[in-house]
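Chemist: need a structure here:
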Amino acid sequence: MKSLIPRNLALEALNRLDHSPGGAERYLERTFLQEPHLSERDRAFIVHLVQGVLRWRLRLDWTIQQTVRFPFRKIEPPVLNILRIAIYQILFMDRIPESAAVNEAVAQAKKAGQEHVVRFVNGLLRYVCRHKDQIVFPDRENERVPYLSISHSYPEWLVQKWIRELGIDFTERLLQAGNQILDLVIRVNTLKTGREGLIKCLEDEGVIGRPTPYSPDGIRVERLHRAIGELRSFRQGLFQVQGEAAQVCSHFLSPRPGEFLLDLCAGLGGKTTHMSQLTQGKGLILALDMNHGKLLRLAQSSQRLGTGGIRSVVSDASSQLSSLFRCSFDRILVDGPCSALGIISRHPDVKWARDEDEISRLARLQKDILSEAVPLLREGGTMLYVTCTISREENEEVVSDFLERNKGIVLEDLKDHVPEWGFDLIDGHGFLRTFPHIHQMEGFFGALFRKLER
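Modeler: Below is the predicted model of the structure:
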């Protein structure tokens, strides 16, 4: 049955992620490479199912728990994922007939070869179809944290953390926004074209693009009915896929032609190639990351975009950087490895791949990387610390600890360094702070440091 193929691949992805949380996007990329026959529509459906189940997993599981008469933990993980996929379609995908969701879940259960599992799946899903409007949630007023956790599908520890740091009303709006799917955003390659010119090129390819409200290089993409890599304008290097908040960061570091720049934890190099654009290809940028595969992809992107002056270095940013470089840099970008709680809207698996211990470990790592970077910054030079998370321990507390341990470093007010279009993104402490429900972009944090001259 052809319609089962996308659901089976979605099931395989979810089963794999049960054993190795996180990395849903990378796993799906590998799956699509192995299944080249899949249509773009099938690929989109698989992504929708996988991300939808990950986004609403706790609420889906709550629905199942309301229905079964035995302990929830006794449901085998592969069977649980069959139920999650079907219930996600029943509750959240109006265009999918309930009968199709049920029948194809039953067909998946039959592959397990146990008749009692088939009967269980069939009976539970038909019950959910009849009673989906009668699911009882925790009381909103008397059990606020469990209510927010289950109704918006976030782990309780994260709901409690954000309430402590941000307040309950702010947190509820943040939870809602994290479950909304953001528009795809791309960054125009200003070395080859302008924003209006790229919008016209996209229009000629049947794609609607609109300027982003903050980043002068950003375009929000609408009505994209094929893979982004298939667009002629992409192959010509006219743009790079990059979120608006990430684009803002490169502007806030303010790299200039002729400068010597260091990009620590460069990853796939979205900010690296953007900085090259901002220096008009006339700066020298060292992009450092411990993942060789990511740096290879950075090189491929740089070649497609035509961004010059980038050199890659495979190394660990958290130790012995001074022995690696015998030079100083005008500007340093520290794109800290973080819990990624600000990009849940694009990567819902983050909800289940993190815990409080992981946040503490990451905060220690971020402090180590910042300390390693200090000797490499020239006197009078600036360093931008950036995370894509909403977590005081990884943001403000890292900054406070870093300043306490490095008396030769001062915190700059970003409002004194950014264009007027960026003023709304700077909080009262001079930090970059973006939130999905306020700025309609990912949740980022940034702090700008300057090294004092002796």
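Chemist: Pretty sure Ile168 sits against Arg144.
Modeler: Yes. Proximity of Ile168 to Arg144 meets the contact threshold set by CB atoms under 8 Å, at 6.7 Å. Yep, even glycine has a C-beta here, placed from its N, CA and C like the rest.
Chemist: Name the residue in these two with the higher neighbour count.
Modeler: Taking other CB atoms under 10 Å, Ile168 and Arg144 do not tie; Arg144 has more neighbours (16 against 13).
Chemist: mind listing the helices for the stretch 251-400 of the chain?
Modeler: Counting by DSSP state H, counting those that start in this stretch, the stretch 251-400 of the chain forms helices over residues 270-278, 292-305, 350-353, 356-373, 396-405, given from the N-terminal end onward.
Chemist: Run the chain-centre distance for the longest one.
Modeler: A distance of 19 Å separates the C-alpha centroid of helix 356-373 from that of its chain, computed with CA atoms, centre = their mean, to the nearest Å.
Chemist: and that helix, average pLDDT?
Modeler: Confidence over helix 356-373 (mean pLDDT, whole number) is 96.
Chemist: tell me which element Asp18 falls in.
Modeler: Counting by DSSP states H and E, the secondary-structure element that holds Asp18 is helix 4-19.
Chemist: Tell me which other helices or strands the helix or strand following that helix touches.
Modeler: Stepping forward along the backbone from helix 4-19, the first helix or strand reached (DSSP H and E) is helix 24-34. In terms of contacts (3 or more CB pairs under 8 Å, 6 or more residues apart in numbering; DSSP states H and E), helix 24-34 is packed against helix 4-19, helix 40-55.
Chemist: can you rerun that using 6 Å?
Modeler: Counting by 3 or more CB pairs under 6 Å, 6 or more residues apart in numbering; DSSP states H and E, no packing neighbours are recorded for helix 24-34 among the helices and strands.
Chemist: In it, which residues are buried?
Modeler: By neighbour count with 16 or more other CB atoms under 10 Å, helix 24-34 contains the buried residues Ala24, Tyr27, Leu28, Thr31, Phe32.
Chemist: So which of these is the closest to Ala177?
Modeler: Compare each of these with Ala177 using CB to CB and the shortest gap goes to Ala24, at 19.9 Å.
Chemist: how about the nearest residue to the closest one, chain neighbours excluded?
Modeler: Distances taken as CB to CB, 6 or more residues apart in numbering put Asp349 closest to Ala24, at 4.4 Å, once the chain neighbours are dropped.
Chemist: Kindly provide the distance from that neighbour to Ile163.
Modeler: As for Asp349, its distance to Ile163 is 23 Å (criterion: CB to CB, to the nearest Å).
Chemist: Give me the more crowded residue out of the two.
Modeler: In this view Asp349 and Ile163 are compared by other CB under 10 Å, and Asp349 has more residues nearby, 23 against 17.
Chemist: doesn't Gly52 make contact with the more buried one?
Modeler: No. Using CB atoms under 6 Å as the test, Asp349 is too far from Gly52 to be in contact (11.7 Å).
Chemist: Just want the most central residue of the chain.
Modeler: Taking CA atoms, centre = their mean as the criterion, Ile343 is the residue nearest the geometric centre of the chain, at 3.6 Å.
Chemist: Touching, that residue and Cys388? I think so.
Modeler: Yes. Taking CB under 6 Å as the definition, Ile343 is a contact partner of Cys388 at 5.1 Å.
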